[in-house]
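K.L.:
need a structure here:
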Amino acid sequence: MRAGRFRHFAAIDWSGAAGERHRGIAVAICAEGAAAPRLVRTGHRWSRTEVLEWLREEVPTDTLVGMDLGISLAFADRGAFFPGWAESPEDAKGLWALIDAVCADEPHLSVGAFVDHPKASAHFRRHGGREGAAFGGGRGRLRVTELAQQAMGCSPCSNFNLVGAAQVGKSSLSGMRVLHRLKGRLPVWPIDPLPEAGSVVCEIYTTIAAMAAGRSASRSKIRDGVELDAALAELGSAPAGLVGKIDDHTSDALITAAWLRKVAHDPALWAPAGLTDAIARTEGWTFGAV
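P.N.:
Numbers count the residues shown, from 1 in each chain. Predicted structure coming up:
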């Protein structure tokens, strides 16, 4: 990849929670150099729709945008997202379109209609002990990139799992509605090829960034300003200077923006060994998983 390809680096800590506005969403950005990343709209409680509009209308030119969510579902393990369902899409873009269509009447880019769909629900583990017959038991189905994360020492969750504090299923599904609505505005790597210029969205896993900043996978969450600045220093960044207690959504976004700046120009991260053309088209990949 051409050196200096990106000029700005943004990280979005995402949320699939019910409702319009969410404490769990944080957007951070930094430019080239060593200046500390900053929050976009400090103190603002974002809605998912506002993040979509920021991506469509306000993201600076030549920005690498990392979104902390799964950009697709497992496909390679069974040769389909939803085996046995005639409408199971053939690729990630078809999956995004299906989710958005089923949830067209849901406000706030929510996804309740999809996870409760009579066909789709058979593949999810939902609240109230409702595990679909096709969920598969255990931790659920994992993508190839999630197996790579696991080999790095992380503990990824299946995007088919919608239960528990560590689940990312609903946030991933709601994020797929956003990705569908970015069509024609921002490419999503690696489902879209990496263009020579312009801004790009990719999937991030904030634990990978925290590990690069000197944290362990089990201690990846930072809730103190001093610890945040120590982690930023490991990434070659100036301190953020936040005092006292901070929420981990803020720290995740700030650290990951700084990490993207440090590693975005490493060609190896854009060509991991497990990323085939078929995986790129169906499951996508997590930037930084090798």
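
K.L.:
alpha carbons only for contacts and neighbour counts from here, please
P.N.:
Noted.

K.L.:
what are the ranges of the strands in this protein?
P.N.:
When secondary structure is read from DSSP state E, the chain shows strands at 8-13, 26-31, 38-39, 63-68, 125-126, 130-131, 200-203.

K.L.:
any idea which of those strands is most buried?
P.N.:
Comparing those by mean neighbour count (mean count of other Cα atoms under 10 Å), strand 8-13 ranks first with a mean of 27.

K.L.:
Tell me what angle that one forms with strand 26-31.
P.N.:
170 degrees (axes from the mean of the first three to the mean of the last three Cα atoms, to 10 degrees).

K.L.:
which intervals of the chain have sub-threshold pLDDT?
P.N.:
1-3 (pLDDT under 70).

K.L.:
Which parts of stretch 257-267 count as buried, going by neighbours?
P.N.:
257-265 (16 or more other Cα atoms under 10 Å).

K.L.:
now stretch 160-173
P.N.:
160-163, 167-173.

K.L.:
Same question for stretch 102-122.
P.N.:
Within stretch 102-122, the residues that count as buried by 16+ other Cα under 10 Å are 103, 108-111, 113-115, 119-122.

K.L.:
The closest residue to A26 other than its chain neighbours pairs with what?
P.N.:
Nearest residue to A26, sequence neighbours excluded (Cα to Cα, 6 or more residues apart in numbering): D13, at 5.1 Å. Following DSSP bridges, D13 is listed with bridge partners A26, D68.

K.L.:
List the contacts of D13.
P.N.:
Contact analysis of D13 by Cα atoms under 8 Å, 6 or more residues apart in numbering lists 24-27, 67-68, 249-250, 252-253.

K.L.:
can you check E32 too?
P.N.:
Contacts for E32 (Cα under 8 Å, 6+ apart) come out as 7-9, 261.

K.L.:
which residues in the stretch 151-290 of the chain form helices?
P.N.:
For the stretch 151-290 of the chain, the helices defined by DSSP state H, counting those that start in this stretch occupy 169-181, 206-212, 225-234, 248-263, 277-282.
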